[in-house]
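Chemist: using only what follows, build the 3D model:
(one chain, ligands or ions: 1)
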Amino acid sequence: MSTPAARLDDGLLAELRAIAGDRVVTNASVRERHGRDESYHPGHAPDAVVFPQSTEEVVALVRACAARKVPIIPFGVGTSLEGHVAALQGGMCLDLSRMNRIIAVRPEDMDATCEAGVTRKHLNEYVRDRGLFFTVDPGADATLGGMAATRASGTNAVRYGTMRDKVLSLVVVLADGRVIRTSRRARKSAAGYDLTHLFVGSEGTLGVITELTVRLNGIPEAISAAVTAFPDLASAVDTVIATLQSGVPVARIELLDEVQMKALNRYAKLSYREAPTLFFEFHGSDKSVIEQVETVKALARDFGGADFQWAARPEDRAKLWQARHDAHYAAMALRPGARGMATDVCVPISRLAECILETRADIDRSGLVAPIVGHVGDGNFHVIFVIDPDDADEIRRAQAVNERMVLRAIAMDGTCTGEHGVGYGKIGFLAAEHGEALGAMRAIKRALDPGGIMNPGKILAP
Ligand SMILES: Cc1cc2nc3c(=O)[nH]c(=O)nc-3n(C[C@@H](O)[C@@H](O)[C@H](O)COP(=O)(O)OP(=O)(O)OC[C@H]3O[C@@H](n4cnc5c(N)ncnc54)[C@H](O)[C@@H]3O)c2cc1C
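Modeler: Just a heads-up that it's a prediction; the model follows:
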């Protein structure tokens, strides 16, 4: 694969300005903000940030960069966690946030077509009055384009699926400026290669997503949430497995370990028990929610879960889930001045208890501060290492625990990342996970981006 060496020079800058005018920005603070995500990975500022307003503008901007082999890094709102938006070789950052029109909502088909810069909260506010919601919830108010590009999921994927399940069709500007639509709106299709799912999870390395059609769901008649603490991590995870095996269509089932619960209590002035805890949410009719709750309550009791705290009113539920979504920032607050190194793995559910327990023991042996939280219904969990960014030894120890955790997950037939993606942080693990299949991925990259200009240095090492 050829490596783009070209920098964005004054000649190209003039061309970009002829296309997008004063929406081409070279101010240092804007460039720096666009070269880093929410992770601990060092940022790399792009040479310019451009804010396109239409697919046609994206085409013109991509063509201008492609002609000079200048890198292009698509950008949503920068909430990714593995160094995804770092401009490792400089180039043009394409910030899609001004492409934020909701083009169509079709209640009868339960889908919506949006520009890539629409955020999930924006879409949800827009469709709520029609009794619909967009289910994928990674906590952060990310763009749909960024969520598709990272194959994001989050708390209610256990019931409703991830971006892989929710994206019906994409409009993509390829690395040479050609525009493709990956599929029609039909709920299913057997017509040719599945390009939609090729671009979902491609992290800006194959093209720029400018438009998405996503599936929506009906807002359930009844929603109820609950929190319950367990004597140890194994009992909490066993409750998850028993819940899934019993067929209860639980909408959310989240694990927070005792370190995370302590962090939450301190951060949000709450008074939860500082023990491994499960957060649940149940969706359905009034009758079915009551049935689900009773079943799970009985299962949890078998594993020592006690003191179910219920939240049926919307404001109480919002408070409960806010506490869950605050997990990252609560962990940071355990050590003022620290930075978060968030990492995730995912394993088959039957290996989840083993993987979490071995990882918890490894963290404890390392002497690091690192809560575990997880979308455990999917076998997915996160470790948030709370590290001193100036302490090289501490960073090294955290990276070593992370590496052991990832290799443990892969050895259990799991993956190095269930939802955060690869960026450049997890790039070193893909060979262990994919083996020969990595060669097929390289062939796809070469075919769609022969100049290697699309977000270079991500997913595949140059
Ligand atoms: C506190 C916190 C908690 C989180 N929890 C979760 C979680 O539970 N589950 C989860 O899945 N994620 C989680 N995330 C990460 C999640 O927010 C991001 O991965 C998100 O999906 C990225 O969207 P974005 O708009 O911020 O994209 P960015 O971060 O701007 O970009 C992400 C990647 O997508 C590419 N990209 C962006 N837009 C486009 C486009 N239009 N076309 C092509 N490529 C594009 C970029 O080049 C980059 O590689 C969390 C993040 C934070 C900060």
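Chemist: so is stretch 66-80 next to the ligand?
Modeler: Yes - Stretch 66-80 lies within reach of the ligand by C-beta under 6 Å from any ligand atom, at 73-80. In this view, the C-beta of every residue, glycine as well, is placed from N, C-alpha and C.
Chemist: now, among the residues you listed, which is nearest to residue 214?
Modeler: Residue 214 lies nearest to residue 76 out of the residues of stretch 66-80 next to the ligand, by C-beta to C-beta, at 14.5 Å.
Chemist: counting neighbours, what do you get for residue 221?
Modeler: 12 (other C-beta atoms under 10 Å).
Chemist: in stretch 184-198, what's buried?
Modeler: Neighbour counts over stretch 184-198 (16 or more other C-beta atoms under 10 Å) mark 195-198 as buried.
Chemist: now tabulate those residues in JSON lines and tack on secondary structure.
Modeler: Below are the buried residues of stretch 184-198 laid out as JSON lines (DSSP: H, G, I helix; E, B strand; the rest coil):
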{"residue": "195", "secondary structure": "helix"}
{"residue": "196", "secondary structure": "helix"}
{"residue": "197", "secondary structure": "helix"}
{"residue": "198", "secondary structure": "helix"}
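Chemist: how about residues contacting stretch 8-20?
Modeler: 24, 26, 46-48, 50-53, 57, 60-61, 64-65, 68, 70, 90-92 (C-beta atoms under 8 Å, 6 or more residues apart in numbering).
Chemist: if you count neighbours, what's buried in it?
Modeler: So, applying 16+ other C-beta under 10 Å, buried residues of stretch 8-20: 8, 12-13, 15-16, 19-20.
Chemist: circling back: ok, of the residues of stretch 66-80 next to the ligand, which one's closest to residue 457?
Modeler: residue 73 (9.9 Å).
Chemist: the closest one against residue 204, yeah?
Modeler: Yes - between residue 73 and residue 204 there is a contact at 6.2 Å, judged by C-beta atoms under 8 Å.
Chemist: comparing the two, which residue is more hemmed in?
Modeler: residue 73 (31 against 25).
Chemist: pull the contacting residues for the closest residue to residue 238 other than its chain neighbours.
Modeler: Leaving aside its chain neighbours, residue 238 sits nearest to residue 303 (5.1 Å; criterion: C-beta to C-beta, 6 or more residues apart in numbering). Counting by C-beta under 8 Å, 6+ apart, residue 303 touches 230, 235-236, 238-239, 242.
Chemist: residue 266 now?
Modeler: Residue 266 neighbours (C-beta under 8 Å, 6+ apart): 330, 333-334.
Chemist: most neighbours among the residues you listed, which one?
Modeler: residue 330 (25 neighbours).
Chemist: would you agree that residue falls within a helix?
Modeler: Yes - checked against three-state DSSP, residue 330 lies within a helix.
Chemist: I'd say it and residue 259 touch.
Modeler: No - using C-beta under 8 Å, residue 330 is not in contact with residue 259; the gap is 10.3 Å.
Chemist: what's residue 177 sitting at in phi/psi?
Modeler: With angles defined as degrees, to the nearest 10, residue 177 sits at phi 100, psi -10.
Chemist: got the contact list for the residue lying closest to residue 42 once chain neighbours are set aside?
Modeler: Sequence neighbours aside, residue 86 is the residue nearest to residue 42 in space, at 7.3 Å (criterion: C-beta to C-beta, 6+ apart). Residue 86 sits next to 35-37, 41-44, 423-424, 457 when contact means C-beta under 8 Å, 6+ apart.
Chemist: residue 357 reaches residue 235, doesn't it?
Modeler: No - using C-beta under 8 Å, residue 357 is not in contact with residue 235, being 11.2 Å away.
Chemist: compare the two (neighbour count), which wins?
Modeler: residue 235 (19 against 14).
Chemist: in the host helix or strand of the more buried one, what's buried?
Modeler: In this assignment (DSSP states H and E), residue 235 forms part of helix 233-245. Going by neighbour count (16+ other C-beta under 10 Å), the buried part of helix 233-245 is 233-244.
Chemist: quick one: contacts of that helix?
Modeler: 158, 230, 250, 253, 255, 257, 276-278, 295-296, 299-300, 302-305, 349-350, 352-353, 356-357, 360, 372, 376-377.
Chemist: helix/strand/coil for whichever residue of the stretch 151-300 of the chain sits closest to the ligand?
Modeler: The ligand sits closest to residue 204 of the stretch 151-300 of the chain, with a gap of 2.7 Å, by C-beta to the nearest ligand atom. Recorded secondary structure, residue 204: coil (three-state DSSP).
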